[in-house]
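Participant: Predicted model and sequence below, questions to follow.
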Amino acid sequence: MTKRKFGLALSMVLAASTILGACGADKEETKKGNGGEEKNDFSVAMVTDVGGVDDKSFNQSAWEGIKEFGADNGLEKGDGGIDYLQSKSDADYNTNLNKLVRRDFDLVFGVGYKMQESVEEISKQKQDNKFAIIDSVVDQPNVASVLFKEQEGSYLAGVAAALMTKSKKIGFVGGMESDVIERFEAGFLEGVKAVDPSIKVDVQYAGAFDKAELGKTTANRMYSSGVDIIFHAAGGTGNGVFAEAKELKTKNPDSYVWVIGVDSDQYEEGAVGDTNVTLTSMLKRVDIAVQDLTKLAMEDKFPGGETSVYGLAEDGVALADSRGAIPEDVLAQIDEYAKKIADGDVVVPETVE
Amino acid sequence: MSNRLVNILVPGVSVILGLLVGAVVMMVSGYDPVEGYIALWNGIFGDAYTIGETIRQITPYILAGLAVAFAFRTGLFNIGVEGQLIVGWFAAAYVGITFDELPKMIHLPLAIIAAALAGALWGFIPGLLKAKFKVHEVIVTIMMNYIALHTSNALIRAVSDGGDNTGGINPTASLRSEFLENMTDFSRLHYGILIALAMVLVMWLILEKTTRGFELKAVGLNQHASEYAGMNVNKNIILAMVISGAFAGLAGAMEALGTFGYASVKGGFTGIGFDGIAVALLGANTPLGVIFGATLFGSLKYGATNMPNEAGIPEEIVSIIIAIIIFFVASGYVIRLLLERFSKKKEAK
């Protein structure tokens, strides 16, 4: 009997929600009708991966690019302007992309290589819409792909680390193993080798982009084994690397520990009282790429089916201002390496040999 | 107040209360509750596409809920549905990409059975440990989740030569259909829902119509009495975990062969297995109840993603509102108690 009661109870829940929802349906239709007339300007939106829009990394950078585009063109957040949707799981990529397409955004970005399959699938279904994907390639006529030469920026980070290390031991903490993160690792190793092949680089992968505690223990192991500079390419996991370095610096202000940040300028992450553990950051200018592409699309020059690659020469990657952590003479040496790469004299490998 | 009236009132009142408290949360944080709930409604039933996606979301919830409920009926707490789902996901995807000359009639069932077997194996181990060595299944299943996550990640890398995705399954193993896609404006609705509903029937048949099912339930109600009555308790425990695991593995097959069409390296759990616990409890561990639990859970979860989209309400507040609604539905007992007290007072007057 109790079972039957429960079944009835639940069916009533559904019925109740149906009735409640029905009240709302008509209003929505009128709203949609009004929205149609406003659409006369170029609109752009993006879908984040599971990192979310405030990941202090490439999702955030992409959104900042879109916001800047919006400010330049007088666009507001919302329909017909700029907007973003966050994905909570891999299953949300398709639906989020679709939602934005249905809201008539002229260009929809999928941010992150994990969205490749979803962008491919949706772009095939909605062939009149324009899409773009960051960090991956989708070979469809209505999709523009954006890749970065992370290896070039990481090469400079490697050079900086090799010139600054005292213990001749450097660490690299990666997020999940993938083509993108491998480019970081390969460039970094190559940069260190270019300065001093005898320097040992300890390479560790955390297996996740959102596990700060894992980053912290990995950093702890590295620092206690004598490593003095760690470069992380691990998103949120990298915040743990900063936490560990800051802890060491707090315990002993004279300790020589540094972190090289990634994607955006992570100077603020490394602040400890008056000092800072951030040596520099390897900038990946997703914001610049997003703005470039959006402008092209607005001018009807959308590079559909093409892949744009942003390297040092295109200002797509760079080292952030070290704010005095790296002395002038070292900076001059780094600039020399940068010039060689930009001129094409040095070609940095994309994969670890 | 008559019994029937109470039965109708309780869930109605709990949902309305949940919606009201959710509305207060939205108002306090400066958002329009009416707009928010319209967005929620449109996110669930707005058009053919959202209905398709809602059903797509409900499908694995039904199977995960069945897995938890089935173990519960035998007195076992299977927290390992998540892990069983992940191995099922990989197994189905693996079969889906490996064989490419098979006809659909063989390939698709093969992939589905592989997922069920993988999940069953993942349930068998905790069942065996529980039956033979009295190791508590909660501990073992939790640990098996981690083993499943990282083993499947390693296997995906091995299968894809170091990549992070197995690549798409062959169409002969896919649950998707052009018919359903066209009907729902390219939603990812797939035939898995039929499998899920069939499994509801299977669970009901096992529990209510077979001697074995009677034994399983008896073990759940009182182990010692069942043993005294001559039932093999250990065998029933293992069997319950195996069947539970098979349901969970099928949930993984839904993701592999329907929603995604591939398996990719995961940084963390999918959450479907854990939500399955709530689904089973909302459904009072009965097969039919699980359908309702999964429908409620799946529609709210999927519909909620439309609230930031249409009404501009931040993700965090949406999560709170959905949690409140589910909380009120689950605590229907309290409302029943209040209603009874209320009616008694009236009678006294």
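Facilitator: Noted; the coordinates are in hand.
Participant: All the helices of the stretch 201-349 of chain B, in order from the start?
Facilitator: Under the criterion DSSP state H, counting those that start in this stretch, the stretch 201-349 of chain B carries helices at the ranges B:211-221, B:223-228, B:233-254, B:272-282, B:287-304, B:306, B:315-330, B:332-348.
Participant: what do you get for the stretch 151-300 of chain A?
Facilitator: Counting by DSSP H, counting those that start in this stretch, the helices of the stretch 151-300 of chain A are A:179-195, A:212-224, A:237-251, A:286-298.
Participant: Show me the shaky parts of chain B.
Facilitator: B:1-2, B:7, B:346-349 (pLDDT under 70).
Participant: I'd like the domain boundaries of it, if you could list them.
Facilitator: Domain ranges of chain B: B:1-31+B:315-349, B:63-273, per automatic domain parsing.
Participant: now the end-to-end length of the longest one.
Facilitator: Separation of the first and last residues of domain B:63-273 by Cα to Cα, to the nearest Å is 9 Å.
Participant: and that domain with chain A, contact?
Facilitator: Yes: for domain B:63-273, a contact with chain A is found by Cβ under 8 Å from any Cβ of the partner chain, at B:150, B:153, B:157, B:162-165, B:168, B:186, B:188, B:255, B:259-262, B:264-268, B:270-271. Every C-beta, even on glycine, is put in place using the N, C-alpha and C of the backbone.
Participant: Which of the residues you listed are buried? Put it as a PyMOL command.
Facilitator: Only the buried entries of the residues of domain B:63-273 next to chain A go into this PyMOL selection, using 16 or more other Cβ atoms under 10 Å in any protein chain shown:
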select buried, chain B and resi 153+157+164+165+168+186+188+255+259+260+261+262+264+265+266+267+270
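Participant: Mind putting the helices of the stretch 201-349 of chain B into CSV with mean neighbour count?
Facilitator: Putting these into CSV (neighbours: other Cβ atoms under 10 Å in any protein chain shown) gives the following:
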stretch, mean neighbour count
helix B:211-221, 18
helix B:223-228, 14
helix B:233-254, 28
helix B:272-282, 24
helix B:287-304, 25
helix B:306, 25
helix B:315-330, 18
helix B:332-348, 12
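Participant: Whichever residue of the stretch 201-350 of chain A sits closest to chain B - nearest residue in space that isn't next to it in sequence?
Facilitator: As assessed by Cβ to the nearest Cβ, chain B sits closest to residue A:208 within the stretch 201-350 of chain A, at 4.1 Å. Using Cβ to Cβ, 6 or more residues apart in numbering or on different chains and skipping residues adjacent in sequence, the residue nearest residue A:208 is residue B:267, 4.1 Å away.
Participant: and if you look at residue B:299?
Facilitator: The shortest distance from residue B:299 to any non-neighbouring residue, by Cβ to Cβ, 6+ apart, is to residue B:44 (4.5 Å).
Participant: measure that neighbour to residue B:300 for me?
Facilitator: Distance of residue B:44 to residue B:300, computed by Cβ to Cβ, to the nearest Å: 8 Å.
Participant: which ones are touching the residue nearest to residue B:299?
Facilitator: Contacts for residue B:44 (Cβ atoms under 8 Å, 6 or more residues apart in numbering or on different chains) come out as A:21, B:50, B:51, B:54, B:299, B:300, B:302, B:303, B:306.
Participant: try 7 Å this time
Facilitator: Contacts for residue B:44 (Cβ atoms under 7 Å, 6 or more residues apart in numbering or on different chains) come out as B:50, B:54, B:299, B:302, B:303.
Participant: Could you double-check that the second one sits in contact with residue B:302?
Facilitator: What that stands for is residue B:54. Yes: between residue B:54 and residue B:302 a contact is recorded at 5.1 Å, counting by Cβ atoms under 7 Å.
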